[in-house]
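In: Got a predicted structure plus its sequence, pasted below:
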Amino acid sequence: MTATAADRARPVEGGKARSRLLTGALLLPATLWYVVLLVAPILIVLLFSFGNRGRTGGYVAAFTLDNYLTAFRTLDPFFTSLRLSVFGTALCLLVGLPLAYFIATRATKRKALLIVLLVVPFWTSFLIRTYAWILILGPDGLAGFFQDLTGNTSFRILGTEPAVLIGLVYGYLPLMIFPLYVTLERMDRSLVEASKDLGAGRWATFRQVTLPIALPGLITGSILVFIPMMGEYVIPQLLGYGQVYTVGNLLYSRFLDNRNWPSGSALGVILILIMLAVVTVYVWFTNRGRTVRDVSVV
Amino acid sequence: MASPAIPIPASRTVGGRARANVDRWGQLVEAWLRGHTLLVYLFLYLPIVVVVVFSFNGTQRRVTQWDGFSIRWYENVLSNKEVQRDLGNSFIVGISTAVISTIAGTMAALGLQRTPKWFRLPFDALTYISVIVPELVIALATLVFFASTIGRDGIVTSATGVELGFGFHTIVPALSLFNISLVLLLVRARLSGMDRTHVEASYDLYGTPWRTFWQITFPQLLPAIVAGFLLSFTFSFDDYLITTFVNGAGTTTMPLYVFGQIKRGVTPATNAVAAIMLLITLSVLLVGQLLTRRRGAAGQDASVAGMIAEQST
């Protein structure tokens, strides 16, 4: 039946050549975008990273490693970003896992509502939601509360790493919860029952049954959260008051303030390499000794 | 009589006590899960509530000092020429990006079904890269690209003598990169879960591919396409980073205005602007939810929100 349907469909489509033309036409715009605005720009950045800065900024052709050497002398922002991203990912996991578990296994009738309630903040203006934390953490908000509580009038939260961390966790939490939720939702609940019937306790069941099942979601979520955190600019800028100096801040100022493109490009290349390394190691490490699972990233 | 009766109640009490213990732990865990969930939702919504509440603050002085309910800051902000212009710019950027991304992304999703592996693998890799790479990397790469082609000393500029420079024509394509991939992923997910029987039935009834597409495939894809369009609009309407790298004179958008306001020091007017941006992005979601809910009556969660949740795997 299916074969006849396909056979009949073919001649109507008008031959192989026309079909190929249509496929090409359908893919043309997206391919054009990828080549012109993703591949070409990254190649140019790679090229620029070996060049010199012009007198008024911009790029002068050259082949030098100076930009990389300079970058390696200013590694502090990289470490700050790395620290923030590692803690941020861990916190997202700590906050997200119980929530995803609750929605997937406990919320019966209200499941759809709880999911919509997760999507709503994710959909509303990211910039404004970050800005709101300035009010919440500021001297009239939480910082003021702690000042009154402890009598320490110089206590502040904004401009410190914890403030940036709160902003990062707040901004990226849904990206951790969604994949976790989907894997836990698909989990066969009879496995948990079986584990309990065989005498395993709650914790043992969680560790040996639920957690391995949630692992693909956990990896996906961690990558989705970690990588954007590594290159985040808006959150450290707004909540860190420029005192928490991340790779994002450094790159931004190299490009837009100093117009030093070669130096900024070198930093960009290093950032891309770090991210590639982290993803590779992370996927390899968590998949070690396991049968190959479907670890799609998005 | 007595001897067999003894072990039975004994074993019962042991078993009962163990179960009671497990249940007490179980109840604690359940209560903790519940409490944790509630707290996370409070955490997610607190900032939104704070901004909206303080946007109605009548104060003249400090932002966070409550001085009675008032809509004066909304009046103040909406009559501001700069805000009006930037709001208009944001709409231009949001709608253009959404239109381009939806068309190109949907086309690519349809085309990908028919491509050989040698093409699909690198194409998929680029799709994932464009979604996952930090926005900052895309921002600086596109800046460098545009500057060295159509910028002041760019290749195209020196070859033709015409300097295109920066503006909407650089912002919209730069933002479209991420959003094309987003639409592509949404539509492709929908396509793979689609029921093929109707398509085959249409061919059996001698429907042309063109008619089959518009009458069978397209209506089934519509929720994903609508979701993709609205998400692209929101993301580009709200974008700060890429826009600030590739914008030109006179194409300042709302996020850039707000960012500047915050850097200069927050005023009560900032909250009103912020609340307006929240309102616009929220109503887009609401429209999407209403549009797609009616379509997805077939039991599956075809609503915009459900789709986004599903998409993240």
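Out: Yep, that arrived.
In: Low-confidence bits of chain B, can you list those?
Out: By pLDDT under 70, the weakly predicted segments of chain B are B:1-22, B:293-313.
In: Which single residue in it comes nearest to chain A?
Out: Closest approach between chain B and chain A, counting by C-beta to the nearest C-beta: residue B:134, at 2.5 Å. No exception for glycine: its C-beta is placed from N, CA and C like everyone else's.
In: shouldn't that residue be in contact with residue A:225?
Out: No. Assessed by C-beta atoms under 8 Å, residue B:134 is found out of contact with residue A:225, at 11.7 Å.
In: So for these two, which residue has more residues nearby?
Out: Taking other C-beta atoms under 10 Å in any protein chain shown, residue B:134 and residue A:225 do not tie; residue A:225 has more neighbours (28 against 23).
In: Identify the residues contacting that one.
Out: Going by C-beta atoms under 8 Å, 6 or more residues apart in numbering or on different chains, residue A:225 touches A:88, A:89, A:92, A:172, A:175, A:176.
In: just to revisit the earlier point, ignoring the adjacent residues along the chain, who's closest to the residue of chain B closest to chain A?
Out: Computed as C-beta to C-beta, 6 or more residues apart in numbering or on different chains, the closest residue to residue B:134 that is not its neighbour in sequence is residue A:231, at 2.5 Å.
In: What of residue B:40?
Out: Nearest to residue B:40 is residue A:99, by C-beta to C-beta, 6+ apart, at 5.0 Å.
In: Surely the one you found is in a helix?
Out: Yes. Checked against DSSP: H, G, I helix; E, B strand; the rest coil, residue A:99 lies within a helix.
In: What is the burial count for it?
Out: Other residues within reach of residue A:99, judged by other C-beta under 10 Å, total 24.
In: likewise residue B:65?
Out: Residue B:65: 12 surrounding residues under other C-beta under 10 Å.
In: which SS state does it fall under?
Out: State at residue B:65, reduced to three classes by three-state DSSP: coil.
In: Please list all residues in contact with the nearest residue to it once chain neighbours are set aside.
Out: If the residues on either side of it in the chain are set aside, residue B:65 comes closest to residue B:59, at 5.2 Å by C-beta to C-beta, 6+ apart. Contacts for residue B:59 (C-beta under 8 Å, 6+ apart) come out as B:65, B:66, B:67, B:268.
In: Which one of the contacts of residue A:225 is nearest to chain B?
Out: Of all those, chain B sits closest to residue A:175, with 6.8 Å by C-beta to the nearest C-beta.
In: Quick check: buried residues in the strand or helix carrying that closest one?
Out: Under the criterion of DSSP states H and E, residue A:175 resides in helix A:161-186. For helix A:161-186, burial by neighbour count (16 or more other C-beta atoms under 10 Å in any protein chain shown) applies to A:161, A:163-185.
In: Quick check: phi and psi at the residue nearest to residue B:134.
Out: The phi and psi values for residue A:231, taken as degrees, to the nearest 10, are phi -110, psi 20.
In: Okay, helices next: where are they in the stretch 201-313 of chain B?
Out: Per DSSP state H, counting those that start in this stretch, the stretch 201-313 of chain B carries helices over the ranges B:209-212, B:218-237, B:241-246, B:254-264, B:268-295, B:304-311.
In: Nearest residue to residue A:235 in space, please, no chain neighbours.
Out: Using C-beta to C-beta, 6+ apart and skipping the chain neighbours, the partner closest in space to residue A:235 is residue A:167 (4.1 Å).
In: Now do the contacts for that neighbour.
Out: With the criterion set at C-beta under 8 Å, 6+ apart, residue A:167 makes contact with A:130, A:133, A:235, A:238, A:239.
In: quick one: which two of these are the most distant?
Out: A:133 and A:235 (8.7 Å; C-beta to C-beta).
In: which of these two has more neighbours?
Out: A count of neighbours by other C-beta under 10 Å puts residue A:235 above the other of residue A:133 and residue A:235, at 29 against 25.
In: pLDDT wise, what is the more buried one at?
Out: On the pLDDT scale, residue A:235 is placed at 95.
In: That one in helix, strand or coil?
Out: Following three-state DSSP, we place residue A:235 in the helix state.
In: didn't it look like it was pressed against residue A:169?
Out: No. At 10.0 Å, residue A:235 and residue A:169 do not qualify as touching, with contact defined as C-beta under 8 Å.
In: so where do the helices sit in the stretch 151-298 of chain A?
Out: A:161-186, A:189-197, A:202-205, A:211-230, A:234-239, A:247-252, A:261-287.
In: Show me how far the last one is from its chain's centre.
Out: Meaning helix A:261-287. Distance, stretch centre to chain centre, for helix A:261-287: 13 Å (C-alpha atoms, centre = their mean, to the nearest Å).
In: ok, whichever residue of chain A sits closest to chain B to residue A:223 distance?
Out: At 2.5 Å from chain B, residue A:231 is the closest residue in chain A, using C-beta to the nearest C-beta. Distance, residue A:231 to residue A:223, by C-beta to C-beta, to the nearest Å: 13 Å.
In: Residue B:32 now?
Out: 28 Å.
In: How is the chain divided into domains?
Out: Chain wasn't specified; assuming chain A. Split into domains by automatic domain parsing, chain A comes to A:4-37, A:74-287.
In: wait, chain B
Out: B:2-55, B:82-311.
In: so which of these gets nearest residue A:35?
Out: Between residue A:35 and the domains of chain B, the tightest spacing by C-beta to C-beta is seen for domain B:82-311, at 8.4 Å.
In: Low-confidence bits of the stretch 151-298 of chain A, can you list those?
Out: Ranges of the stretch 151-298 of chain A meeting pLDDT under 70: A:286-298.
In: where along the stretch 1-150 of chain A do the strands fall?
Out: In the stretch 1-150 of chain A, no strands are defined using DSSP state E, counting those that start in this stretch.
In: which residues does the residue nearest to residue B:134 contact?
Out: By C-beta under 8 Å, 6+ apart, residue A:231 lies in contact with A:81, A:247, A:248, A:251, A:271, A:275, B:133, B:134, B:135, B:136, B:137.
In: closest to residue B:145 among these?
Out: Closest to residue B:145, out of all of the contacts of residue A:231 and judged by C-beta to C-beta, is residue B:137, at 12.3 Å.
In: My read is that that closest one contacts residue A:269, right?
Out: No. Between residue B:137 and residue A:269 there is no contact, the gap being 9.6 Å when judged by C-beta under 8 Å.
In: Please spell out which residues along stretch A:143-160 are buried.
Out: A:143, A:144, A:155, A:156, A:157, A:158, A:160.
In: right, and the third one touches residue A:146 too?
Out: Yes. With contact defined as C-beta under 8 Å, residue A:155 counts as touching residue A:146 (5.3 Å).
In: Quick check, central residue of chain B?
Out: Computing the C-alpha centroid of chain B and ranking residues by C-alpha atoms, centre = their mean puts residue B:231 first, at 4.4 Å.
In: Tell me the spatial nearest neighbour of it, not counting adjacent residues.
Out: Counting by C-beta to C-beta, 6+ apart, the nearest residue to residue B:231 once its immediate chain neighbours are dropped is residue B:182, at 6.1 Å.
In: Can you name the helix or strand that that neighbour falls in?
Out: helix B:168-192.
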